[in-house]
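>>> give me the fold of what follows.
(one chain, ligands or ions: 2)
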Amino acid sequence: MCIFCKIINHEIPSYTIYEDETIIAFLDIAQATYGHTLVVPKKHYDTLLDCPEDVLCHMMKVTQMLTKQIMEKTQAKGFNILNNGYEIAGQVIMHAHMHILPRYEEKEGFVIEMHENKDIDLAQVQELLTH
Ligand code: 5GP
Ligand code: ZN
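Ligands and ions are numbered 1, 2, ... in the order given. You can find the predicted model right below:
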């Protein structure tokens, strides 16, 4: 059984901040920013792509609701909502989840960087994705 399933089954403790029939949200054990929260379906799906539509939609609704609530309570100036899909993209726990990262400073425990790859031909990508 995966570690998030154990949290859901109350086999290991968590700092839960929200729970309903299908979703649980608890504080990430390694707080990258103050209030860093994980939103997790109670049923096990490996990645976001494996979640049925109703679960996915509800998870996103809860994520939005909790992000608003966390922003209000913490006075965060912004937020990142993040999902890592598979190991190459940084997924460590193979149980689908969203990260809510309230943001206070530009440089803090979580920093996102995108660097343009000038070798990628947009026309070729469009051709691939539309045919
Ligand atoms: P991923 O890299 O899979 O997107 O994120 C997994 C997250 O789960 C990490 O940020 C990590 O700190 C968190 N995590 C791992 N083990 C536990 C745990 O036992 N309890 C809680 N609350 N968070 C955990
Ligand atoms: Zn699981």
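>>> near ligand 2, which residues of this structure?
By Cβ under 5 Å from the ion, the part of the chain that sits against ligand 2 consists of 2, 4, 5, 44, 95. Heads up, the C-betas are built off the backbone N, CA and C, glycines and all.
>>> give me the PyMOL select line for the residues you listed, limited to the buried ones.
Listed next is the PyMOL selection for buried residues among the residues of the chain next to ligand 2, using 16 or more other Cβ atoms under 10 Å:
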select buried, resi 4+5+95
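>>> which residue comes closest to the most centrally placed residue in the chain once chain neighbours are left out?
Centroid check for the chain by Cα atoms, centre = their mean gives residue 98 as the closest residue, at 1.7 Å. If the residues on either side of it in the chain are set aside, residue 98 comes closest to residue 39, at 4.4 Å by Cβ to Cβ, 6 or more residues apart in numbering.
>>> strands of the protein, start to end?
16-19, 23-27, 37-41, 78-82, 98-103 (DSSP state E).
>>> and among those strands, the most buried is which?
Across those, the average number of neighbours (mean count of other Cβ atoms under 10 Å) peaks for strand 37-41, which reaches a mean of 24.
>>> tilt between it and strand 23-27?
Inter-element angle recorded for strand 37-41 and strand 23-27: 160 degrees (by axes from the mean of the first three to the mean of the last three Cα atoms, to 10 degrees).
>>> what is strand 37-41 packed up against?
helix 3-8, strand 23-27, helix 53-74, strand 98-103 (3 or more Cβ pairs under 8 Å, 6 or more residues apart in numbering; DSSP states H and E).
>>> if we can go back for a sec, check contacts around the residue nearest to residue 98.
Taking Cβ atoms under 8 Å, 6 or more residues apart in numbering, we find residue 39 in contact with 18, 23, 24, 25, 59, 62, 63, 66, 97, 98, 100.
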